[in-house]
Every structure is written in structure tokens, then in C-alpha cells.
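A.B. asks: sequence and predicted structure below; questions after.
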Amino acid sequence: MSLLLAKLIICNIFYSTNAQTFRNDYLWAESFKTFYRLNDIATDWGQARKICEAEGSTLLIPSSLTEVENLKLLISNMKAHFTAIFIGVHDQFAHGEYVTVKGYPIKDTILELLWAEGSPDNLNNNESCVVMTREGLLDDRPCDDIYPFVCKVFGNETEYSEDCYSFDLGYHLNANGKCYKYHVEPLSWHDAYLVCQAEQGNLVIINSVQEASIVTSFLGEHITSRSPDPNILYVGFSDLMFPYQYRTIHGQSLEEAGYASWSPLKQDLTTDEPQHCGAISRTGFLKVTWCDMPAMFLCEKPGCQECAAKLNTTKP
């Protein structure tokens, strides 16, 4: 099949004049009423799952043999040196019992028909995650291997928030005109940054004393969190670029951003493991901590200013 013909077939399957609206980086497949995104930047299975969930979708679970045939055309667009993509199937809970990321066993489903010859074999007792090859066959591979992946969401599962200009209904408009989404499941600062980016937002940047109060109020609602340190949440600043020069993820100094309130108790930064990543405590003071320590975090994105004005006028 010529490259041009393959591209024409892909366009016919994954584009439509009747396409529904979702994120701009997803393709609409009219025949399956489904949105797909091929992520050509490879990562491990766990990170792939997190990215899809952050985008409001799910790591690919094929629903039919016809869909698999069409997905083979989609993944033909990925870089030639990649032989497979991660999909949303694993046996990390019980060896040999493969389930989807939604918790459903694949036994007696069409997925069982797709195993490559000799698979799954759990080579070296270290293969708990599943890939789909360019041929549309399944194989078990190590979860920390690196592959591209496809995210998927059905059209009837998408809803749009006019308040936050977003298909992610986890964002809620505040009277200050920003939309926030609180993540109670702790991640490293780096992963928190990536999740917010995947949601088309950013790790929260505090711009005023008033906003600091809003941000810390989220901590007040989650006093019983099982986070390693339930008294902090990650925010968008660090000194990862230059030591002790604390800047927001948008490059501003904390003073330029509008909030630079540190605890009067001097923090000991002379530890064996450097502390570089920004957080805020329940008391509203900024601090830095270890970037790899999992913590709760807050993402933000611009909201509807007119809607925020209405929120202000309806306050008692």
C-alpha cells in the first residue's frame, strides 16, 4: 500500500465533517463514535495511563476486531523504530489474570483472540503490561519498558464546562476567575507538573494573598489525606533552573508573580538530598521540598470571567 493511499484511508476513518468536538489533539472516528490520540513520545506503562487519565480519556482498550484493524492504520503513523504501543491491559494484581485499566477481566473477550503466538509468556517473570504490535497482536512486556501509546474516549462520555472552557469536569470555577482541580492522589512534583500540562492547565501559581487563602482551603478539606506529608501541596515554582533562585514555571520571580510569603522559621536546605520544588503549607507559607516525594497538588486554568463576575454578585 502506498504512503499516500494509507494517509487517505486514515483521513477517511479518523476525520469527519460531522466530527464531535473534544481536545484539538484528538482525532474523531465517526464509525466508532470515538476520539483517539496517538502519543508518539514514548514512556512507561504507568506514565502512559496517567497521561490518558489526565486528558480525560483512557489508555486504549480495543473493543472489536474491526477497531483493531483501523487502529493498525493509526499506529502506522508512529516512528518506524517503535514496534508496538502500550494498551490498557495488565496483570499487576494477580499473575496471569489480565484485566483492563477499568478493572474488567479480558477472559472470554475478543482481546483473548489477539495474543501473539507464544504470548503471554511472562519472560524473566517481569512482564505484567501489554502492548499491541503493528500487526494488531498483543504481547506482554515489562511495565517499565518505553513505548508510544494511544488514548481513547467515547464521544458520549465527553461533557463540556462553559465555566472553565474544558472537557475536564474536575475543574471548578472560583470567584477570582480561575478554575482549579485538586489532585488528592499524591505524585512527585515532576509528575504533578506533567499531569496539569496534560489537562491543558498548569501547576497552580499563586498570584496574591487572597489566592493563597483559596489554595490552602483545599488542604483544609483533605485533612485525612494519606499523602507522605498531608500538610503541603505542590505549587508551580522551583529552583531547578538556578539554585536558590525561585521562579514560577512561567519564569517569573515569586515577587513578580504576586506572592512570596515564606515561613519566619528558616528552613534547613543543607540536606544530603537537595530540595528544589515548590509547595505551600496549611499555614499559607511557601516552602521547598524534595521533588520526588509524592504530594497532593493543584492545577489551574483560566475560567470564564463573566461567569466569575456572576459568582461574585451572588455572594451573600
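C.D. replies: Noted; the coordinates are in hand.
A.B. asks: how about the helices in the stretch 51-200 of the chain?
C.D. replies: For the stretch 51-200 of the chain, applying DSSP state H, counting those that start in this stretch gives helices covering 65-75, 189-198.
A.B. asks: got any ranges where the stretch 101-250 of the chain has weak pLDDT?
C.D. replies: 224 (pLDDT under 70).
A.B. asks: look up how far residue 172 lies from residue 209.
C.D. replies: Going from residue 209 to residue 172 by CB to CB, to the nearest Å gives 21 Å. C-beta coordinates here come from the backbone N, C-alpha and C atoms, glycine included.
A.B. asks: how far away is residue 66 from residue 134?
C.D. replies: Distance from residue 66 to residue 134, by CB to CB: 17 Å.
A.B. asks: strands along the stretch 51-200 of the chain, start to end?
C.D. replies: All strands of the stretch 51-200 of the chain, identified by DSSP state E, counting those that start in this stretch, fall at 58-59, 84-90, 99-100, 129-133, 138-141, 147-154, 172-173, 178-187.
A.B. asks: more neighbours, residue 209 and residue 172?
C.D. replies: residue 172 (14 against 11; other CB atoms under 10 Å).
A.B. asks: from what I can see the more buried one touches residue 166, true?
C.D. replies: No: the criterion here is CB atoms under 8 Å, and residue 172 misses it with residue 166 at 10.2 Å.
A.B. asks: for these two, list the residues in contact with both.
C.D. replies: residue 179 (CB atoms under 8 Å, 6 or more residues apart in numbering).
A.B. asks: please verify my assumption that residue 198 contacts residue 55.
C.D. replies: Yes: using CB under 8 Å, residue 198 is in contact with residue 55, at 5.2 Å.
A.B. asks: secondary structure element holding residue 216?
C.D. replies: helix 209-220 (DSSP states H and E).
A.B. asks: which secondary structure elements does that helix contact?
C.D. replies: strand 178-187, strand 232-238, strand 277-281, strand 295-302 (3 or more CB pairs under 8 Å, 6 or more residues apart in numbering; DSSP states H and E).
A.B. asks: of all the ones you listed, which lies closest to residue 95?
C.D. replies: For the helices and strands packed on helix 209-220, proximity to residue 95 was assessed by CB to CB; strand 178-187 is nearest, at 25.4 Å.
A.B. asks: other SSEs contacting the closest one?
C.D. replies: strand 172-173, helix 189-198, helix 209-220, strand 295-302.
A.B. asks: so what touches the first one?
C.D. replies: Identification of contacts with strand 172-173 by CB under 8 Å, 6+ apart yields 163-164, 179-181, 303-304, 307-308, 311.
A.B. asks: turn those residues into JSON lines, columns for distance to residue 194.
C.D. replies: Output for the contacts of strand 172-173, formatted as JSON lines (distance: CB to CB, whole Å):
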{"residue": "163", "distance to residue 194": "25"}
{"residue": "164", "distance to residue 194": "20"}
{"residue": "179", "distance to residue 194": "19"}
{"residue": "180", "distance to residue 194": "18"}
{"residue": "181", "distance to residue 194": "14"}
{"residue": "303", "distance to residue 194": "22"}
{"residue": "304", "distance to residue 194": "26"}
{"residue": "307", "distance to residue 194": "28"}
{"residue": "308", "distance to residue 194": "27"}
{"residue": "311", "distance to residue 194": "30"}
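A.B. asks: of those residues, closest to residue 262?
C.D. replies: residue 180 (22.8 Å).
A.B. asks: tally of neighbours for the closest one?
C.D. replies: 22.
A.B. asks: which ones are touching residue 239?
C.D. replies: 245-247, 276, 288.
A.B. asks: put the buried members of the residues you listed into a PyMOL selection.
C.D. replies: The command below creates a PyMOL selection of those among the contacts of residue 239 that count as buried (16 or more other CB atoms under 10 Å):
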select buried, resi 246+247+276+288
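A.B. asks: need the contacts of residue 239 in CSV (columns: distance to residue 104 and secondary structure).
C.D. replies: Shown next, in CSV, are these (distance: CB to CB, whole Å; DSSP: H, G, I helix; E, B strand; the rest coil):
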residue, distance to residue 104, secondary structure
245, 49, coil
246, 46, coil
247, 45, strand
276, 41, coil
288, 42, strand
